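*Asks:* predicted coordinates and the sequence they were generated for:
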Amino acid sequence: MHTLQSIRTFIEEILADQTVNRLSPECDEPAWGRPLVGVSSGDDPLYEEIKQKIGPFHWTPREIFALTFPGHAVPPGDLSVIVWALPQTRATLCDQRKETSLPSRRWVLNRLHGEEINDLVRTRLADALTAAGHPALAPVASPLWRRATSPRCGEASTWSERHAAWVSGLGTFGLCDGLITEAGKAVRIGSVVAAVALPPTPRPYAGLHDWCLHYAGGTCRACIERCPAGAITDAGHDKGLCMAYIRSVTAPACGGTNACGLCQAAVPCEHANPVRAPGKNRR
């Protein structure tokens, strides 16, 4: 796998397997739609900027690669970050739009089993690249991965897949901190760091929030209105309030699954980039 297209095909073939891509072991309905895939250089200076913003505990791609493969020297330009976004299906979004305080059953199943599929993609892609002679790892699957508290960002971890997706040309952040892609904000992100030289995906934006209608024009407040915890305001996303609601309200009601996602449905950026396609999906 030496091209973006071959990697995209590899991921699509995993998801084409109906025994893999399903909402649960008891439900053959697909969990995910067609993936978006992007690439960035492991030496992109934006990764150092992200580290400076989030905290010293946050890895750059080269740092986590060196920790995983000590002694394996990778020349500049030969380290790549491969990122994908898995879109929610129309059926899941349709159910989620109707809810106002708890996530829909499909959403909860997807949060649990859909993320297991995402984990499978991470593992299979990293293993396939490694077997092809390109040592690779999924940072969030690393035994070294941990949660941490950022003085500037609140709850954080040693690797942000959403930031990796932003660097890799897949989208920009919304007011609620979700990543708005060409397939919308209702996505899950996965990533792998590999010792392979791949052309970076062009970033069709300049800033961190370019595809969010609130930041673009200041008029959209849809995710604010959708949040039952009051965790989203014109000032942004309060991670503490968000997680408190999930842990105290939605998780107990959803069998212990940390799910919510109400701000990702019934909003203009639900399944499209509202800035690039301004005539679509507006309320």
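*Replies:* Thanks, I have it. Residues are numbered from 1 along each chain as shown.

*Asks:* so what's F57 up against?
*Replies:* R146, A148, A156, T158 (Cβ atoms under 8 Å, 6 or more residues apart in numbering). C-beta coordinates here come from the backbone N, C-alpha and C atoms, glycine included.

*Asks:* which residue packs closest to the second one, ignoring adjacent ones?
*Replies:* Nearest-residue entry for A148: F57, 4.7 Å, with adjacent residues in sequence omitted and distances by Cβ to Cβ, 6 or more residues apart in numbering.

*Asks:* likewise the first one?
*Replies:* Counting by Cβ to Cβ, 6+ apart, R146 lies nearest to T158, which is 5.6 Å off, once chain neighbours are set aside.

*Asks:* the one you found: neighbour count?
*Replies:* Burial of T158 is recorded as 20 neighbouring residues (other Cβ atoms under 10 Å).

*Asks:* was I right about it contacting W59?
*Replies:* Yes. Here T158 reaches W59: they are 5.3 Å apart, a contact under Cβ atoms under 8 Å.

*Asks:* shared neighbours of the two, anything?
*Replies:* Common contact partners of T158 and W59 (Cβ under 8 Å, 6+ apart): P139.

*Asks:* check the secondary structure at the residue of the chain positioned farthest from its centre for me.
*Replies:* Farthest-out residue of the chain from its mean C-alpha position, per Cα atoms, centre = their mean: G71, at 30.1 Å. Three-state assignment for G71 (DSSP: H, G, I helix; E, B strand; the rest coil): coil.

*Asks:* from P139, how far off is it?
*Replies:* Here the criterion is Cβ to Cβ, to the nearest Å. By it, G71 lies 19 Å from P139.

*Asks:* likewise A165?
*Replies:* 13 Å.

*Asks:* quickly list what's touching both of those two.
*Replies:* Joint contacts of A165 and P139 (Cβ under 8 Å, 6+ apart) are S191.

*Asks:* name the helix or strand of the chain that has the lowest mean pLDDT.
*Replies:* Sorted by mean pLDDT, DSSP states H and E, the helices and strands of the chain end with strand 154-157, the least confident at a mean of 87.

*Asks:* packing partners for the following helix or strand past that one?
*Replies:* Sequence-wise, the next helix or strand downstream of strand 154-157 (DSSP states H and E) is helix 161-167. If contacts are counted by 3 or more Cβ pairs under 8 Å, 6 or more residues apart in numbering; DSSP states H and E, helix 161-167 sits against strand 36-41, helix 45-54, strand 80-87, strand 171-173, strand 179-181, strand 187-194.

*Asks:* given the first one, what are its sheet partners and their directions?
*Replies:* When pairs are called by DSSP bridges, strand 36-41 turns out to pair with strand 80-87 (antiparallel).

*Asks:* pretty sure I54 sits against A156.
*Replies:* Yes. Using Cβ under 8 Å, I54 is in contact with A156, at 5.3 Å.

*Asks:* can you pull the residues that touch both of those two?
*Replies:* With Cβ under 8 Å, 6+ apart as the test, I54 and A156 both reach S150.

*Asks:* could you pull up the contacting residues of D234?
*Replies:* L175, H214, R221, I224.

*Asks:* of these, just the buried ones, PyMOL syntax please.
*Replies:* Entered in PyMOL, the line below selects the buried ones among the contacts of D234, by 16 or more other Cβ atoms under 10 Å:
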select buried, resi 175+214+224
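
*Asks:* run the angle between the longest helix along the chain and strand 80-87 for me.
*Replies:* If each helix of the chain is counted by residues according to DSSP state H, the longest one is helix 115-131. Orientation of helix 115-131 against strand 80-87 (axes from the mean of the first three to the mean of the last three Cα atoms, to 10 degrees) gives an angle of 150 degrees.

*Asks:* which secondary structure elements does the next helix or strand after helix 115-131 sit against?
*Replies:* Per DSSP H and E, the first helix or strand lying C-terminal to helix 115-131 is strand 136-137. Applying 3+ Cβ pairs under 8 Å, 6+ apart, one finds that strand 136-137 makes contact with helix 61-68, helix 115-131, strand 187-194.
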